[in-house]
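A.B. asks: fold the following.
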Amino acid sequence: MQGLHSDQSALQEPLLAAELPENDNVASENEDASPASNKDIVLPACCCRQEPLAVNHNVLLNLVLSLTYGVSNSLWNGTAYAAYLKQLGNDRNGPLGNIEAANGLASLLTALPVGYLADKIGRSKVIAAGGVLLLITAVLQIGVLEWVGTSNDLSEHQEARALVLMGIIMALWGVGDGIVDGPASALYADSTPEGQRSVYYNYLFAAYISASAVGPVVSIILFQTLGDDWDLYHLRIVIYVGLGMEIFNALLMMLFDDKKSLDETTSTAPREVVGDECETRQTQENGHCEVGEFETRPREDGNIEVVTSQTEPLSQSESSSYCLSQKWIPYIVFSQGLILAIGSGMTVKFFPLFFKDEVGMSPSQVQVVYFIVPLVMVIASTIGSKLAASGFGRVQTTLLFSSLGVSLLYCMVFFKSYLDAHPFILVPVYVLRTSLMNASYPLTESILMDYVPKEERGRWKSLDSVAAFGWCGSAALGGMIADKYDYTYTFLITAIIQTTGIAVWALLLPLVPREEGNGGGLLNDNATPAEEREGVRTNQTNLEEPLLINN
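C.D. replies: Down below sits the predicted model:
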């Protein structure tokens, strides 16, 4: 089978193999294939493609899980659940924020243990255990909703008990979500080749976000059929439908297989490079970076030393002033994600309530907004991936999109009176803002996975749960601020915090090459110095390649 070559800008089905043999010997062909390909599932030809398609086992499962997970979460853990908790809490935002905080705290406490277990005993075993947990949690959630009922006549004691039970269940969801976002995503990275991961993550992201549009459509149908009202009865029906789909998620999580991941021999010590922010120009022919009168050259230990144009090595202090180590890339990506999560948590869960309470939209109207958002997000994500692959760069594309998204949030703050009175302008501004802030997810994930050794990916992906804690922890603060002031006040704080996160992301400009897979990522242990100077392409020649909403 032919691999995907260097041209990725058109996103021409890197998930899929080229033509398969027309004989019946497909199975043996797969067995003899390179371990780097490992595409062991053959999908039959369909109306849109004449040839069968070969896909990696874990890649296919992750894509299907993204679809079902997106549908179920957009149904029960979106607008309907936020409105349900606010009504249960006597029209206060605080209980919603506190329950979200419980979700994040559980993710934080279990993140590293889950990641450690995934790296030690196997990702598929931990993912399967997460599937059992999701199934049990869904049953408990339905039981609590039945106990609460649909009336608003609960005593103060009963209301407090109901909210505590909701918080405990949301904590269990936090552990389960951490497994999906951690070990499952790490296994997805293990099953995709370096240099093409941003394309794969764009497919994963598109699958989840597109599926997220299904939930609002189902909700609109239910609301229009049963009554377009913000009452517990109608909200609970929508939540039930979403929880019922969790059984499919649980079953899928029991089918992953570590043995189907790609063989990957990489160095655990990233190289040191000088990037464009240090006024460099990379010469792709020889793999050297020149900085004014100095240039960098690879050493046998995998690092790069800075020498003068006369090839005289610089002192250690002079060299360090020009070289920035790639080992910091995962820490910068994580720090930026944590900062953005802290800012986003103050507003994201409250946007539906903002449209409900301050703009005066009906349930169906709010769901129309959340039907449009995922579709625009997929378009923006695809544009971002193509822009990054065209030579603009993954870091640069993410910086551009995030800056535009935060600018639109500032517009929602400073032009509040006008936009609230003109929802037909407010909604497009919100849709574009949310789409731009989330569209670069596949790029950030691919950068992180490119610069983390395979044996450590489970732990690094589980650290996403720490960011989730920042997101949910700030949701508690956002609820209190919204109750004391208004939603716009929280929007302003979010915009300021996210501006800080963008500044942190800019630190990656001199560290990550603009061309994905061209000298970036971890080096092959077995690569010769000559291969390293060629851009470390030896691992790519035969290889073929992204919440409800987090921001």
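
A.B. asks: what's the helix or strand for Thr488?
C.D. replies: helix 487-505 (DSSP states H and E).

A.B. asks: what's the answer for Leu426, then?
C.D. replies: helix 423-439.

A.B. asks: angle of the helix or strand following that helix against helix 487-505?
C.D. replies: Once helix 423-439 ends, the next helix or strand along the chain (criterion: DSSP H and E) is helix 441-450. Orientation check (axes from the mean of the first three to the mean of the last three C-alpha atoms, to 10 degrees): helix 441-450 against helix 487-505 gives 40 degrees.

A.B. asks: and helix 441-450, what does it pack against?
C.D. replies: For helix 441-450, the packing partners by 3 or more C-beta pairs under 8 Å, 6 or more residues apart in numbering; DSSP states H and E come out as helix 185-190, helix 197-212, helix 329-345, helix 363-387, helix 394-414. Every C-beta, even on glycine, is put in place using the N, C-alpha and C of the backbone.

A.B. asks: where does this protein have low pLDDT?
C.D. replies: Scanning the chain with the threshold set as pLDDT under 70 gives 1-53, 264-325, 458, 461-473, 516-551.

A.B. asks: my read: Ala439 touches Lys386, true?
C.D. replies: No: counting by C-beta atoms under 8 Å, Ala439 does not reach Lys386; the two are 11.5 Å apart.

A.B. asks: ok, the two, which is more surrounded?
C.D. replies: Shown here are Ala439 and Lys386; by other C-beta atoms under 10 Å, Ala439 has more neighbours (30 against 17).

A.B. asks: just to revisit the earlier point, go through the helix holding Leu426 and flag the buried ones.
C.D. replies: Buried residues in helix 423-439, counted by 16 or more other C-beta atoms under 10 Å: 423, 426-427, 429-439.

A.B. asks: and what of stretch 416-423?
C.D. replies: Lys416, Leu419, Asp420, Pro423.

A.B. asks: ok, the last one to Lys416 distance?
C.D. replies: Spatial separation of Pro423 from Lys416 under the definition C-beta to C-beta, to the nearest Å is 13 Å.

A.B. asks: please apply the same query to Leu145.
C.D. replies: For Leu145 relative to Lys416 (C-beta to C-beta), the value is 35 Å.

A.B. asks: please apply the same query to Val348.
C.D. replies: 18 Å.

A.B. asks: just Leu375 next, same as before
C.D. replies: 26 Å.

A.B. asks: check Val429 too.
C.D. replies: Per C-beta to C-beta, Val429 is found 11 Å from Lys416.

A.B. asks: which residue is nearest the middle of the protein?
C.D. replies: Nearest residue to the geometric centre of the chain (C-alpha atoms, centre = their mean): Tyr441, 5.0 Å.

A.B. asks: I'd assumed Ala206 was in contact with that one.
C.D. replies: No: Tyr441 lies out of contact with Ala206 (C-beta under 8 Å); the separation is 10.3 Å.

A.B. asks: which non-adjacent residue is nearest Tyr201?
C.D. replies: In space, and not counting its chain neighbours, Tyr201 is closest to Pro442: 3.6 Å by C-beta to C-beta, 6 or more residues apart in numbering.
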